[in-house]
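S.K.: coordinates for the following, if possible.
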Amino acid sequence: MPNLDHQSDLPPDRSHLSVNPANADDAAAKPLPRRRQLSNDQLAKGITAGDRAILGRAITLAESHKPQHQRQAEQLVTQLMPQTGNALRVGITGVPGVGKSTFIERLGVTLADDNHRVAVLAVDPSSSITGGSILGDKTRMAKLATHPNAFIRPSPSAGTLGGVAKKTRETLLLVEAAGYDIVLVETVGVGQSETVVAEMTDCFLALMLPNAGDELQGIKRGLLEVTDIIAVNKADADNITAAQHAAADLKRAMHVMPRKDNNWQVPVLTCSARTGDNLTEVWQTVTTRIHDLRNSGTLEKRRRKQALRWMWSLIEDQLLTTLKYDQHTQPLIQQMENEVTSGQRAPTAAARTVLDQFLHQHASPDNNS
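M.R.: Presented below is the predicted three-dimensional model:
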């Protein structure tokens with residue numbers, strides 16, 4: 001029987017190892033037992049069997065910055081690739097206060113009650129500044145977090161947006177291999193995160209507030225260009241009329257907005273995550289969109305392009321990291337930075353100088369010895 005303890009992806013409880021003060025010295029001399037390291041075969045077997053503790057350990061492995069852990073995680077994901085790709089991948093975004101957590105929890109619980117296995121992942125670039133809260137998402141979605149058919153994983157607690165996105169992509173594949181058939185990827189931060197999430201999901205849903213004037217003024221053109229579906233949330237009580245007006249304004253705005261798919265007119269719906277009104281309609285629209293993409297063959301092509309973009313983004317990140325920390329190029333980098341900031345050299349010329357030396361250094365036979 002798979003282990004479905006909703007907290008199994010957290011560090012093990014060591015409260016049973018506490019001792020009384022009289023034996024403190026003896027206890028201090030005995031290090032706490034370490035968990036047994038698992039091979040990739042053991043991890044893969046546990047993940048495909050639905051063991052949430054093993055899944056949590058695999059995700060922690062993928063999130064590690066240690067090179068040996070990263071290599072093992074890459075090998076594990078490659079090993080599990082045949083078991084991935086069967087889930088519906090849905091991105092969800094919205095400004096702070098729009099009700100993303102309430103929406104995701106109510107939708108997630110509904111789907112989980114209907115025997116779907118739901119995974120919720122978060123992309124939070126702001127965590128690199130604030131440090132984030134590893135239990136934040138589980139606190140905000142307490143009911144969903146305790147559901148036996150659900151799995152919630154916050155984004156790594158530190159790192160750049162690119163780094164967080166890399167971990168989220170790997171986590172997405174791991175939860176798919178574990179049998180989760182619906183993956184909801186939430187953008188917690190703001191800015192570029194919407195585009196990043198749109199490029200790792202099948203359908204991108206944007207939640208809006210029922211205040212048409214303020215909403216349209218604050219909307220980002222880039223967000224609307226990657227959106228598949230818009231839902232005006234909080235359409236309940238005194239907000240119903242305002243939500244309807246907001247939806248009408250958004251429909252007009254979408255008619256003049258460039259589309260990423262000319263065969264799809266972005267629908268604008270209203271809903272209430274608090275009461276559950278029209279949530280079924282929103283989800284049916286999401287599944288219709290994904291099924292249409294699948295039936296036309298577009299979904300497979302889109303996922304292939306996403307995988308290639310992911311590969312090239314990783315290459316770019318790794319090359320940039322290697323360049324920045326290359327000991328042979330460091331003195332020149334410092335010199336070029338000084339000359340650029342002082343106005344002595346154009347950034348384009350400085351970049352070319354650094355790249356020429358870096359490439360020459362790594363093309364040299366002596367460097368490969």
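
S.K.: can you list the weak-confidence ranges in the stretch 151-300 of the chain?
M.R.: By pLDDT under 70, the low-scoring segments of the stretch 151-300 of the chain are 156-164, 189-191, 212-221.

S.K.: repeat that with 50
M.R.: 217 (pLDDT under 50).

S.K.: which residues in it form strands?
M.R.: 182-187, 203-208, 229-232, 268-270 (DSSP state E, counting those that start in this stretch).

S.K.: and Gly222, which of the ones you listed is closest to it?
M.R.: Evaluated with CB to CB, the strands of the stretch 151-300 of the chain place strand 203-208 nearest to Gly222, the distance being 11.4 Å. C-beta: built from backbone N, CA, C; applies to glycine.

S.K.: need the CA coordinates for the closest one. PDB is fine.
M.R.: What follows is strand 203-208, C-alpha atoms only, in PDB (Å, rounded to 0.1, in the frame of the first residue of the first chain):
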ATOM      1  CA  CYS A 203      -3.200  25.800 -20.400                       C
ATOM      2  CA  PHE A 204      -2.700  29.100 -18.600                       C
ATOM      3  CA  LEU A 205      -5.500  30.500 -16.500                       C
ATOM      4  CA  ALA A 206      -5.400  34.100 -15.300                       C
ATOM      5  CA  LEU A 207      -7.600  35.100 -12.400                       C
ATOM      6  CA  MET A 208      -8.800  38.700 -12.300                       C
END
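
S.K.: partners of that strand in the sheet?
M.R.: Using DSSP bridges, the strands paired with strand 203-208 are strand 88-94 (parallel), strand 229-232 (parallel).

S.K.: contact partners of the last one?
M.R.: So that's strand 229-232. The contact list for strand 229-232, computed with CB atoms under 8 Å, 6 or more residues apart in numbering, reads 203-210, 243, 246-247, 250, 254, 266-271, 282, 285-286, 289.

S.K.: swap in 7 Å and give it another go.
M.R.: Strand 229-232 is contacted from outside by 203, 205-208, 210, 243, 246-247, 250, 266-271, 282, 285-286, 289, using CB atoms under 7 Å, 6 or more residues apart in numbering.

S.K.: what sits against Ala273?
M.R.: 99, 102-103, 106, 233, 279.

S.K.: could you dump the strands of the stretch 151-300 of the chain to JSON lines with distance to Pro154 and mean neighbour count?
M.R.: Below are the strands of the stretch 151-300 of the chain laid out as JSON lines (distance: least, CB to CB, whole Å; neighbours: other CB atoms under 10 Å):
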{"stretch": "strand 182-187", "distance to Pro154": "9", "mean neighbour count": "26"}
{"stretch": "strand 203-208", "distance to Pro154": "19", "mean neighbour count": "25"}
{"stretch": "strand 229-232", "distance to Pro154": "23", "mean neighbour count": "27"}
{"stretch": "strand 268-270", "distance to Pro154": "28", "mean neighbour count": "21"}
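
S.K.: and those strands: which comes nearest Asn295?
M.R.: Of the strands of the stretch 151-300 of the chain, the one closest to Asn295 (CB to CB) turns out to be strand 203-208, at 14.1 Å.

S.K.: now the one helix or strand His362 maps to: buried residues?
M.R.: Assessed by DSSP states H and E, His362 sits inside helix 347-363. Using 16 or more other CB atoms under 10 Å as the test for burial, helix 347-363 gives 350, 353-354, 357-358.

S.K.: please apply the same query to stretch 300-317.
M.R.: 302-303, 306, 310, 313.

S.K.: then stretch 76-87?
M.R.: 76-77, 80, 83, 87.

S.K.: tell me the one among those nearest to Glu170.
M.R.: Checking the buried residues of stretch 76-87 one by one against Glu170 (CB to CB), the nearest turns out to be Val77, at 5.6 Å.

S.K.: look at the closest one and tell me its secondary structure.
M.R.: helix (DSSP: H, G, I helix; E, B strand; the rest coil).

S.K.: any idea how far Asp292 is from it?
M.R.: 29 Å (CB to CB, to the nearest Å).

S.K.: done for today, thanks.
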